[in-house]
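> Prediction below, plus the sequence it came from.
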Amino acid sequence: MLPLPSFALYAPTTLDDALALLRDHGPDTTLIAGGTDLLPNMKHGLLAPRHLVSLAQIPALRGVWVEGDVLRLGAMTNLETVAAHEVVLTRAAALAEAALSVGGPHHRRMGTLGGNLCLDTRCRYFNQTYFWREALGFCLKKDGTKCHVVEGGQRCVAAASNDTAAALLALEATIELVGPDGARSLPIRDFYTADGIANTTRAPQEIVVAVRVPLRPARASVYEKLRRRAAIDFPMISLAARLDAEEGRVNALEIAVSALAARPRMIRAASQAQGKSLAEVPRAAIAEAAFKECAPLPNIEGDPAWRKKLVRVLADRALRRLGLGPA
Amino acid sequence: MIIGRSVPRIDGHAKVTGKAVYVDDLPPRPGELWGVTVRSPVAHGTLRGIELDPAFDWSDVTVVTAEDLVAMGVENLVALIEEDQPILATGVVRHVYEPVALVACADRDKAERARAAVKLLIDPLPAVLSLDEGTVVQKKYRIDRADVDAALAASEVVIEGTYRVHHQEQLYIEPQGVVASWHEGETPVVHVAGSLQCPYYVHKALKKAFHLVDDAAARVEQTVTGGGFGGKEEYPSMIGLHAALLARKSGRPVRLIYGRKEDIEATTKRHPAVCKVTLGCKRDGTFEAIKVDVVMDGGAYVTLTPVVLSRGTLHACGAYRFAHHRVESRAVATNTPPNGAFRGFGAPQTIWAVERHVDAVARALGRSPIDLRRQNLLQKGDLTSTGQVLDVSVGGQECLDAATKAADFDRRARDLEAWNAAEAAAGRRKRRGLGISTFMHGAGFTGSGEHRLKGKVQVDLERGGRLRVRSASTDIGQGTETIFQQIAAEAADLAFEDVSFENPDTSKVPDSGPTVASRTVMVVGSIVQKAAAAVASHVRAKAAPGESFATAGDRLLAAGDAETKCLVQYVPPQSRAFDDATYQGDAYPCYSWACDVAEVEVDLDTFETRVLRLFTAHDVGKAINPVLCAGQVEGGTLQAIGWAIHEAIVWRKDGSIANARMTNYIVPTSVDAPEFHTTLVEVPYPNGPGGAKGVGELPMDGGAPAVANAIEHALSADLRWGAGVLLPDLPLLPENVFERARRAEVVS
Amino acid sequence: MKLQVNGVMHEVEASPTARLLDVLRGPLGLTGTKEGCGEGECGSCTILLDGLPVNACLVLAGQAEGAEILTVEGLAAGQLAPLQQCFVDDGGAQCGICTPGMLIAAEALLRRNKAPDDAEIREAIAGNICRCTGYQRIVDAIKHAAVVRAGGAS
């Protein structure tokens, strides 16, 4: 009933072969990891690559390693494995919680960390059939020039919908990529852009190889997600918070919010916690500031005003779980 | 006793091994084409023409438009109640997704491309997209019993309220689909096989459109059907006609199977409705008079709207005793896809209103919702809004007692309040609550429906002393096959294994009427019982002393004994005739009764609701197969909960649907569903087989109001709101509850 | 291409870019695996790929080469497996269209957890939508099957 368009599939067993395939087949080539989002999007005609390069057969991309004070996760590690890994659970809890909240159980088995990080943005005006996109007038995200979400908008505001992105932002992760010019690493906060058409700085011929999460002592993190059901659904708001504490005082607090527009947002007001004792952290004020800093759009399901209010609720909840502010 | 035993379902083996053949599992036939439908993108407009892209290669593509129907001498009509809905639009399109042309090609991908190469030239006209704007009345009814105006004027307490409900998609997991073929010859024969509830509806539609006189000229058979819930009641006529047209024009078999998106967009949904209720009672809570105004959104064509509205009208006064009733109802046309049959068939809409209103009255009087219901619940001997005397099988009280007992209602309510207080004291934000609904549902067709229908069943003796039940009543998951075998075996005093069920196929079974209206067990089952008993007693009467049933049967068959087959027509029980003009009389042969108790947890910050437990008691007369029966109760109740807190069609301003996928039209998963505690109450109905009455639709009626009542209980210590209920409208999506709560006063 | 399905190696003529679901249902004739939505939302096409449940509508045939595939047709060896029998006896199947996927998800659970509680069962089948049963009888059937598999009374 939902057939796939035709394409060629490659399953290289080394990164070099994968890079060569990307180079040889040019711009009409897309990487496929778990495929849980890419394939439905292809079925709906949202993209029609002629060549798909699967990363599933490259052993180097799969695994979780602790290297000194760094946790390194291969991009093709599935989300179920990420969510259940002992070190992730104990030292990067926000990532475990985020990975566990992706889709349903089958999606987490097929879906990978790298795939989730590179998940295409979503928009109620984009995730539709060709017929309806055409009838409505093609939008900025694909084939068109106007935005149905923001009247007169010049930039695509399709929503980043990856659960793990907010968690890894809060956890100060680093993304490892390889490309035609060799390997590079960049902080995840430089990975996402505000462009809903393609919201990462990954070049088309680059491959996300792994994610590095620093393991710090006295670090705690949590993840909160707003969704319709207790399973399957994409986030309507996702929020992660990380606390570094020392002798009962806040060394650093970071809050990342996503499912707003194309780029996850770091909450500036989180810095108000700096240097305070845990109980003195102005939790309500930070949550209120988070509420003010975020402006959900009518780009995905859920009333934007309600989603906006939920930023405050989820921020308050996350900080409370981190033991911040009055009991 | 075979009746009353949870015999494992007959089709269970095939379903758990993957051997059951659904329509899309039928192997492709030689030369088969893949059919697709070209639909209007416009809600209302003048169809100026249809252009085929000249750059496209049409050589191996069959295209059918309304013009072809004229050329083929086909009547452009989907026969149902009113003769208003065309098979393919001509002149005017009246809703987004209206079928305008059909395309078929052996290559499925090419068929899809061909669909995009058909250009529809439509000049848009102003469109009516909600019932509030609707002015064209498709149907109206009026019930007026005793003197409502005088009674309301004299009542000590009069409470008014307005309540709204929204669309709901059936979301059977198997989308609609058929395969069709056309056999030319001296007498052409059209054959349609597919996923459907009512083979004779499709049969009638085919005969009418193709001007077929001979019944045998159209053959419709059911394939194993992956859920229906009303959604496969009338719509398969449309898709069956489409496939048949493509088959006729192409001379090839055609497979037409909807994708999920097309299914959600184009097929029928539950009617949205607005109900205004005015209730007069004494200060002690005794109900006296009720006035209900109902408006339903029928969509662009009439389809089954008159019958849905009728059932909504007849259930608008709920399960309560009044001396004075007035119900005025109407359905208006809008430029949205026609709304149609969906489990409950109009009753959940009006029962939502009346149940919410009883909660409003309870608040106004300072009474517990449960006591007020107990005080006013219809009892044996009471009269309904149509003046029907409830003289048999009245189990409302028993259900209320059973459900509240299973829930240990008073104690649980106190415990939850204590739990809430502890949560509040600890600064936590979850609250729990308990809510109730009591309701009834008329079993079988309304009024004189069964008289008009004349449903028939045949039971045949087969070799080896076996019986075969032939009826058009389909098994769409609810267990018809198994239950009919149980009924027939019991009536014939044979082993369960000695009875078989003929697949509903119009060439093999008589028309027992549609599989709708909670009539299958009670009405059709009763004639299965009669026919099976007649054949068996005939065999026994003719058996020689000491001759076994099987031997005697084989002997009679060999001798061509005519009474080894028995065709029985349903004769409705004697009752006060129903008057279609005044809407007075016996509306239904009997009613099934139920009470739901929902326990919910609400998050005070997000206003998300989880239904934790659902205690329900259903009076079904007699549970022929308790496991299957409880499965109906639980599945129907979860659909009601989904309607209440998860499901909502999102309409765009152009009349199209923004969330026609399972990603965003969401139904409850296993982790959203409550733990069910189901009690089957049995107050027998003498005319039903073994005392059974209908159960199919009843569970859809009470879940939503029970959940709403529970949410309000959960919030009652933290929020204060004015007169009436906090939550008069569905759906109870968290943002909607949030919006209602925002307007309330925060106490805590 | 070669696919190992239900313990048998099949040589099929199919494109590695076809959906595994279509290869199973088409050339292999294993129509027990159903398509309810085509986008991984309903779970009707759940199969085991190397012992783990996945949606066959989201797997390319080429991705399944060399893997062990189990479909509903592979559950019964001669007579019904206890899990299947419990679904029949306890009301776990109504219309049956979700049943094959539901059985496979349950099979995967029972292989790794011999005595799951209600919450674990509900979590394991959270990717499989059933519109008929309300899930209670499915949960009960899986729990019952766990007991039977452990050698307990049926």
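The structure has been received and is ready for your questions.
> Just to check, residue B:130 is in contact with residue B:296?
No - here residue B:130 does not reach residue B:296: they are 11.9 Å apart, not a contact under CB atoms under 8 Å. Bear in mind the C-beta positions are built from the backbone N, C-alpha and C, glycine included.
> the more surrounded of these two?
residue B:296 (29 against 15; other CB atoms under 10 Å in any protein chain shown).
> residues near residue B:333, how many?
Residue B:333, neighbours per other CB under 10 Å, totals 23.
> let me redo that: residue C:13
Residue C:13 is flanked by 7 other residues according to other CB under 10 Å.
> What of residue B:25?
Residue B:25, neighbours per other CB under 10 Å, totals 17.
> who touches it in this structure?
Each residue near residue B:25 by CB atoms under 8 Å, 6 or more residues apart in numbering or on different chains is listed here: B:223, C:25, C:31.
> Next up, phi/psi of it, please.
phi -90, psi -10 (degrees, to the nearest 10).
> State the distance from it to chain A.
13 Å (CB to the nearest CB, to the nearest Å).
> Tell me, what's the model's pLDDT at that residue?
We have a pLDDT of 98 for residue B:25.
> about what we covered before: including secondary structure, could the contacts of residue B:25 go into TSV?
Formatted as TSV, the contacts of residue B:25 follow (DSSP: H, G, I helix; E, B strand; the rest coil):
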residue	secondary structure
B:223	coil
C:25	helix
C:31	coil
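> quick one: which of those residues is nearest to chain A?
Closest approach to chain A among the contacts of residue B:25 (CB to the nearest CB): residue C:25, at 11.1 Å.
> What is the burial count for that closest one?
Neighbour tally, residue C:25, other CB under 10 Å: 21.
> try residue B:473
The number of residues near residue B:473, taken as other CB under 10 Å, comes to 30.
> Same check on residue B:65?
23.
> Not counting its neighbours along the chain, what's nearest it?
residue B:101 (4.7 Å; CB to CB, 6 or more residues apart in numbering or on different chains).
> OK, contacts around residue A:110?
Residue A:110 touches A:34-36, A:78, C:54-55, C:58-59, counting by CB under 8 Å, 6+ apart.
> repeat for residue C:38
A:1-2, A:40, A:43, B:259-260, C:57.
> and the residue in the stretch 301-450 of chain B that chain C sits nearest to, what element?
Residue of the stretch 301-450 of chain B nearest chain C, by CB to the nearest CB: residue B:343 (10.6 Å). Using DSSP states H and E, residue B:343 sits within no helix or strand.
> Residue B:489 now?
Here residue B:489 is assigned to helix B:480-492, by DSSP H and E.
> got it, and residue B:196?
With DSSP H and E as the criterion, residue B:196 is inside neither a helix nor a strand.
> what number of residues lie near it?
So residue B:196, with other CB under 10 Å, has 31 neighbours.
> Residue in chain C with the shortest distance to chain B?
Taking CB to the nearest CB, chain C has residue C:32 as its residue nearest chain B, at 1.8 Å.
> Residues of the stretch 201-327 of chain A that sit close to chain B?
Counting by CB under 8 Å from any CB of the partner chain, the residues of the stretch 201-327 of chain A close to chain B are A:226, A:228-234, A:301-303, A:305-306, A:309-310, A:313, A:316-317, A:327.
> Give the phi and psi angles for the one residue in chain A that gets nearest to chain B, as a check.
For chain A, the residue closest to chain B is residue A:306, as judged by CB to the nearest CB, at 3.6 Å. According to degrees, to the nearest 10, the main-chain angles of residue A:306 amount to phi -70, psi -40.
> Quick check, it in contact with residue B:741.
No - assessed by CB under 8 Å, residue A:306 is found out of contact with residue B:741, at 11.0 Å.
> so who does residue 41 touch?
Assuming you mean chain A. Here residue A:41 is in contact with A:47, A:120, A:127 (CB under 8 Å, 6+ apart).
> that answer is for a different chain, and I need it for chain C
A:232, B:661-663, C:129.
> for residue B:252, same thing?
B:31-33, B:62, B:104, B:106, B:181.
> Assign the residue of chain B found nearest chain A to helix, strand or coil.
Chain A sits closest to residue B:735 of chain B, with a gap of 3.6 Å, by CB to the nearest CB. Here residue B:735 is helix, with the state taken from three-state DSSP.
> Test my guess that it contacts residue B:607.
Yes - here residue B:735 lies in contact with residue B:607, judged by CB under 8 Å, at a distance of 7.5 Å.
> neighbour count winner among the two?
Legend: neighbour count by other CB under 10 Å for residue B:735 and residue B:607, higher for residue B:607 (24 against 21).
> how close does that one get to residue B:19?
Distance of residue B:607 to residue B:19, computed by CB to CB, to the nearest Å: 46 Å.
> so who does the closest residue to residue B:429 other than its chain neighbours touch?
Among residues not flanking residue B:429 along the chain, residue B:604 sits closest, at 4.3 Å (CB to CB, 6+ apart). By CB under 8 Å, 6+ apart, the contact set of residue B:604 is B:429-431, B:715, B:718.
> Next up, the contacts around the residue of the stretch 301-450 of chain B closest to chain C.
B:170, B:229-230, B:636, B:639, B:696-697, B:700.
> Residue C:47 reaches residue C:34, doesn't it?
No - contact between residue C:47 and residue C:34 fails when scored by CB under 8 Å: they sit 10.8 Å apart.
> ok, the closest residue to chain C within the stretch 1-150 of chain B - how many residues close by?
The minimum distance from the stretch 1-150 of chain B to chain C, using CB to the nearest CB, falls at residue B:18 (1.8 Å). For residue B:18, the count of nearby residues is 24 (other CB under 10 Å).
> Show the pLDDT at residue A:1.
58.
> correction: residue B:637
98.
> in what helix or strand does it lie?
With DSSP H and E as the criterion, the answer for residue B:637 is helix B:626-645.
> could you check the angle helix B:480-492 makes with that helix?
140 degrees (axes from the mean of the first three to the mean of the last three CA atoms, to 10 degrees).
> Quick one: list the elements packing against helix B:626-645.
Judged by 3 or more CB pairs under 8 Å, 6 or more residues apart in numbering or on different chains; DSSP states H and E, the packing partners of helix B:626-645 are strand B:590-603, strand B:609-619, strand B:675-681, helix B:699-715, helix C:136-149.
> re earlier: isn't the residue of the stretch 1-150 of chain B closest to chain C right up against residue C:29?
No - with contacts counted by CB under 8 Å, residue B:18 stays clear of residue C:29, the gap being 10.8 Å.
> how about residue B:78, secondary structure?
Assignment for residue B:78 (three-state DSSP): coil.
> burial count for the closest residue to it other than its chain neighbours?
Spatial nearest neighbour of residue B:78, chain neighbours left out: residue B:85 (4.6 Å); criterion: CB to CB, 6+ apart. Residue B:85 has 22 neighbouring residues, counting by other CB under 10 Å.
> Now do the same contact list for residue B:85.
B:77-78, B:301-303, B:338.
> Pull up the distance across stretch C:26-46, start to finish.
16 Å (CA to CA, to the nearest Å).
> What residues of that stretch count as buried?
Across stretch C:26-46, burial judged by 16 or more other CB atoms under 10 Å in any protein chain shown covers C:26-28, C:30-46.
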